[in-house]
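Chemist: the sequence and its predicted three-dimensional model are supplied below.
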Amino acid sequence: MQQNTNENNTIQIDETPIIGIDINNENAVVSYYMSGMDEPETISTVAGEEKYLIPAMLYREVQEKMWLFGHRAHKAAAEGMGLSYRNLLDQAYKNEVIPLAGNEMESWEMLGIFFERILYLPKMRGVDVDHAQIVLTVQKLNMERSEVLKKAMEKAGVSRKRLILTDYMECFYAFTFHQTEDRRLHDVVLYQYDGSKLRQGYLTKQMNTIPHMVNIDVKEFYELASLKTDEEIDLAFTRLLHYELDGHNISTIYLVGEGFESGFLNKSLEVLCQNRKVYLGKNLFSTGACYCELLKREDWKYVYIGDSSMKMNLAIEAKMRGKQELITLVNAGDNCYSTYCACDILLGEDNYIDIYQQNPDGSGEKITSLELTDLPKRPPRATKVHMELRPESGSVVDVTVEDKGLGEMYPGTGKKWKYQLVCEE
Amino acid sequence: MSQVMICSPITATQPYRMKSTSTNIYTIEELCFYLTTHLFLIEDDIKDADLCKWLSVELKETYLSEQLLDLLRKKVSTALFVKTILKISGYSDEKELEYVETQLRILEEKSPIERKKMRTDRLVKARKYAAAIQGYEQLLQEQEVQLDSELAGSICHNMGCCYANLFLFENAKKAFMAAYNVSKSEFSKELMMLSEKMITQERVWKSDGQRILSTYLDLKREDMSKSEKLKSVLDDLTIECRGMCTREIV
C-alpha cells in the first residue's frame, strides 16, 4: 500500500537533511538541519550577523539575461536598468503572466526561479540540497495555492515527494515543542505583526489525553493599522495585551514580523514580560518548518490539528497477508497537502468497501459503505479495485475506486466510483 | 461488514502461463484465485521450478519461492505444494486450506482415468463444452481398453449433455445412445429420446418435452402454451444437464 508519500523509508529519511523555507511577499528566510546538529541553523546573508531576511524578489539585466535575487536584486533594482520582480508569491497564487523583455513567463515559473536561487544558500553551506527534504511554510495554504507552490518547487528541481507544505501556525507548534520544558510549561503565545495587521496565536495543550492534544486559537486585529505614532501603537497594543492575556498562565510569548522592529514596544513590553519569557525573532517559522519534519523522526506525544492537518482518521478493516487488521489510510494530524493513499483491494462476496471514520479525539465515529454499483457479476475474490484517497482539505477526502477485474480471468471494466468523506463535526 | 483483502502492490511484467487453460497470471492474488477455483485442473506439472523463479523475480515473493523450491527438492505432493502457496501468501483461511488439501488428496488417490474424467467434468461446469467434448473423446480413445462399462457410459452420457448445451441435438442423441448401449441406463435412454424429439419438432416442448423434464429433471410444471417460452425451457434443460455432469457416476 502506498501511503503518505512523504513517509518513505524511515532509516533513509532519518539521515536526510531538512531545509525549512519561510516565504511571504516581502521576504524569505532559510533554515537547515543536518544529522548531528543540535538544532536547525538559519542562514544569515551577512556572515556573523543575524540578517536572516532575504528580499523575495528577482532582478534581470536586459543585456546579460542573468537573474539576481535577494539583496543583490534589491541593490541592482535601485541602481540598474533591468527589470525587477516583486510580490512573487501573490502573483503566482493569482496565476498571472509576467512580461519579460519582449517575452512573457508564468508567475509560478518565476517563483520557481526564486526558489532555485535561494536553495543555493544551503548548498553553499554543504547541505545536500538535491536529496534534502524541503519544508516550505507560508502564512495560509489551500489546495490551489499548494498546487502552485508544488509546481514552482518542481521548476526549482524539488520533486513533490521531497516537498512538504505547511503554514505558520504548524511551524509555531513544532517550534514551541522543541524548546526547553520551562518555555512551554503553560500556554504559549505568538504575535505576528507586519506593521498593519496583528495576528495572535494562543497555544494550549490538553495533557489528560493520549496523545496530548494541542490547540492554537488564532485571532487577527486590525486596530493598529490606523495608528500613526509609536506611542499610539504602544498604548493600543498594551490595552490589547491586557484584554487578551490577563488572568492566563503563559510561559512564553514570541514576537515575529517587521512591525516589531520599529521600536514602539515600551509600556507594552512591561506587560509582555510579566512573569514570562519574551522572544523577538525572524526565523521562528523557517526553524519551525525544520522541526515540523524533525518531529516525524521522533517519538512524538503531541497532536496538533491545524489548518494544514487532516482532521479525521480513516481506516479499513481488511485481510493483509492472512491477518485481519484495521489498516490506517489517513492519520489525523498528518499534513493534508502531503497526504495521499492508494491501494489495491480484493473484494469478497459484497460489492462495497467499508471505511471507518473517526475524529482525532475519538468522537464522530462512523462507517461509510462505498457501494460499487453496476459492478459485473463475478465470483468472490475475482474483483480487484484500485482505491485512491486524496484530501481536498483537512476535513474533506475524495475517494476514487476503479474496477480492475482479475487479470485475464475477469478483465476489469475501468469503471470508476467517486465518493467524498467529510469530517463529522 | 465487507470482507476485503489488501492486494500485493506488485504486478508481474512477464506473466506465468498456466498450461492446462493457457491462462496468463500476473499477480499473487490471480495465482491463488486460479488455484482455488481450478482445483480439478491442477496437475503435477504445477510443481514447477519456473513458477518458483517467477514468484521470486517477478513478484518479489522471495520467502514463498524459497519454501516452494525446498518442497520441490523434497518431492512433496501437489496438495502440499498448492497449500503452501495459499498459506504463505495469506490468501486462504484455515477452512479453505483444509478444503483445498482434501480435494487435491482425493484427486491424487483416484486413478489417472478417473482424474481426467473429473477434470473434464469441471470443464463442463465452467461451461467450456467444446473443450469438455474434446476431453471426453480423448479419454475414450486413449483409455478404450481399460474403461469399464459404467465409466464409459457416464463419459458418453456427459458428452451428450455437452452437445445438448450447444444445441447440437443430433450429436447429443448419438452420445446418449452410446451411453445407453454401454451402460443400459434408462436415464440416458430418456434423454436420447428427448434429443430425438428436439431434432424433429418444436411442438414436442409443449407436450412430451415438458412431461419428461418435469418427471426426470424435477422441474416446476409450467404453462408452456406460448411458443416464446420455449427458450426458457431450453435454458432449464441446459442447467439440469450441467447438474447431471457433476453427479457421482464413478
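Modeler: Happy to help now that I have it.

Chemist: what number of residues lie near the residue of chain A found nearest chain B?
Modeler: Of chain A, the residue with the smallest distance to chain B, taken as Cβ to the nearest Cβ, is A:Gly322 at 2.7 Å. C-beta here means a position set from N, CA and C on the backbone, and glycine is covered the same way. Look at A:Gly322: counted by other Cβ atoms under 10 Å in any protein chain shown, it has 15 neighbours.

Chemist: where's the residue nearest to it when sequence neighbours are not counted, which helix or strand?
Modeler: For A:Gly322, the nearest residue in space outside its immediate sequence neighbours is B:Gly90; the separation is 2.7 Å by Cβ to Cβ, 6 or more residues apart in numbering or on different chains. Taking DSSP states H and E as the definition, one finds B:Gly90 inside no helix or strand.

Chemist: okay, now B:Gly90: neighbour count?
Modeler: Residue crowding around B:Gly90 was assessed by other Cβ under 10 Å; the count is 17.

Chemist: hang on, isn't it packed against A:Lys319?
Modeler: Yes - with contact defined as Cβ atoms under 8 Å, B:Gly90 counts as touching A:Lys319 (6.9 Å).

Chemist: next SSE after the helix or strand harbouring B:Gln67?
Modeler: With secondary structure defined by DSSP H and E, B:Gln67 is part of helix B:62-73. Next helix or strand after helix B:62-73 toward the C-terminus (DSSP H and E): helix B:78-88.

Chemist: show me what that next one is in contact with.
Modeler: The contact list for helix B:78-88 (Cβ atoms under 8 Å, 6 or more residues apart in numbering or on different chains) reads A:322, B:31-32, B:35-36, B:42-44, B:46-47, B:61, B:63-64, B:67-68, B:71-72, B:92, B:96-97, B:100-101, B:104-105, B:108.

Chemist: so which strand or helix has the closest residue to B:Ala79 other than its chain neighbours?
Modeler: If you skip the residues right next to it in sequence, B:Ala79 has B:Leu104 as its closest partner in space, 3.6 Å away by Cβ to Cβ, 6+ apart. B:Leu104 is part of helix B:94-109, with elements assigned from DSSP H and E.

Chemist: over to B:Lys53?
Modeler: helix B:49-57.

Chemist: which neighbouring elements make contact with that helix?
Modeler: Using 3 or more Cβ pairs under 8 Å, 6 or more residues apart in numbering or on different chains; DSSP states H and E, the elements in contact with helix B:49-57 are strand B:16-18, helix B:62-73.

Chemist: among these, which is nearest chain A?
Modeler: The minimum distance between chain A and the helices and strands packed on helix B:49-57 falls on strand B:16-18, with 9.8 Å, by Cβ to the nearest Cβ.

Chemist: assign a three-state SS to the nearest residue in space to A:Leu295 that is not next to it in sequence, would you?
Modeler: In space, A:Leu295 comes closest to A:Ala174 once its chain neighbours are excluded; the distance is 5.7 Å by Cβ to Cβ, 6+ apart. For A:Ala174, the reduced secondary structure class is helix; criterion used: DSSP: H, G, I helix; E, B strand; the rest coil.

Chemist: what's the burial count for A:Ala174?
Modeler: As a measure of burial, A:Ala174 has 27 neighbours, counting by other Cβ under 10 Å.

Chemist: against chain A, how distant is the residue nearest to B:Ala79?
Modeler: B:Leu104 sits at a distance of 19 Å from chain A (criterion: Cβ to the nearest Cβ, to the nearest Å).

Chemist: neighbours of that residue, how many?
Modeler: Count around B:Leu104 with other Cβ under 10 Å applied: 22.

Chemist: now swap in the one 10 residues further on and tell me
Modeler: Residues near B:Glu114, counting by other Cβ under 10 Å, number 13.

Chemist: hey, where'd the strands end up in chain B?
Modeler: Using DSSP state E, the strands assigned to chain B run over residues B:4-6, B:16-18, B:23-25.

Chemist: same for the first one, what does it pack against?
Modeler: With contacts defined as 3+ Cβ pairs under 8 Å, 6+ apart, strand B:4-6 has these neighbours: strand A:313-320, strand A:341-347.

Chemist: average pLDDT for stretch B:21-32?
Modeler: Throughout stretch B:21-32, pLDDT has a mean value of 93.

Chemist: how about that stretch: buried residues?
Modeler: Within stretch B:21-32, the residues that qualify as buried are B:23, B:25-32, counting by 16 or more other Cβ atoms under 10 Å in any protein chain shown.

Chemist: can you check stretch A:88-101 too?
Modeler: The neighbour-count check on stretch A:88-101 (16+ other Cβ under 10 Å) flags A:88-89, A:91-93, A:98 as buried.

Chemist: from chain B, which residue is nearest to chain A?
Modeler: Using Cβ to the nearest Cβ, B:Gly90 is the residue of chain B that sits closest to chain A, at 2.7 Å.

Chemist: list, one by one, the residues from chain B near chain A.
Modeler: Contacts of chain B with chain A, taken as Cβ under 8 Å from any Cβ of the partner chain, map to B:1-9, B:23-27, B:29-30, B:33-34, B:37, B:87, B:89-91, B:93.

Chemist: so, low pLDDT: which residues of chain B?
Modeler: For chain B, the stretches with pLDDT under 70 are B:1-2, B:143-147, B:201-250.

Chemist: can you give me the helices for it?
Modeler: B:28-37, B:49-57, B:62-73, B:78-88, B:94-109, B:112-125, B:129-142, B:149-165, B:169-183, B:186-200, B:208-216, B:230-245 (DSSP state H).

Chemist: and the angle for the first one with helix B:112-125?
Modeler: To tie it back to what came earlier, the one meant is helix B:28-37. Relative orientation of helix B:28-37 with respect to helix B:112-125: 110 degrees, computed using axes from the mean of the first three to the mean of the last three Cα atoms, to 10 degrees.

Chemist: for helix B:28-37, packing partners?
Modeler: The elements that helix B:28-37 packs onto, with contact taken as 3+ Cβ pairs under 8 Å, 6+ apart, are strand A:396-406, strand B:23-25, helix B:78-88, helix B:94-109.

Chemist: what strands line up against the second one, and which way round?
Modeler: Within its sheet, strand B:23-25 is paired with strand B:16-18 (antiparallel), according to DSSP bridges.

Chemist: could you list the buried residues of the strand it pairs with?
Modeler: B:16, B:18.

Chemist: ok, now stretch A:358-376?
Modeler: Neighbour counts over stretch A:358-376 (16+ other Cβ under 10 Å) mark A:358-360, A:368, A:370, A:372, A:375 as buried.

Chemist: quick one: A:Leu329 from A:Ala342, how far?
Modeler: Going from A:Leu329 to A:Ala342 by Cβ to Cβ, to the nearest Å gives 10 Å.

Chemist: same question, B:Arg122
Modeler: Here the distance between B:Arg122 and A:Ala342 works out to 37 Å (Cβ to Cβ).

Chemist: mind listing the strands for the stretch 101-250 of chain A?
Modeler: If you assign secondary structure with DSSP state E, counting those that start in this stretch, the strands in the stretch 101-250 of chain A sit at A:103-106, A:133-138, A:163-167, A:187-193, A:198-206, A:212-221, A:250-256.

Chemist: looking at the ones you listed, which has the lowest confidence?
Modeler: Between the strands of the stretch 101-250 of chain A, the lowest average pLDDT goes to strand A:103-106, which shows a mean of 86.
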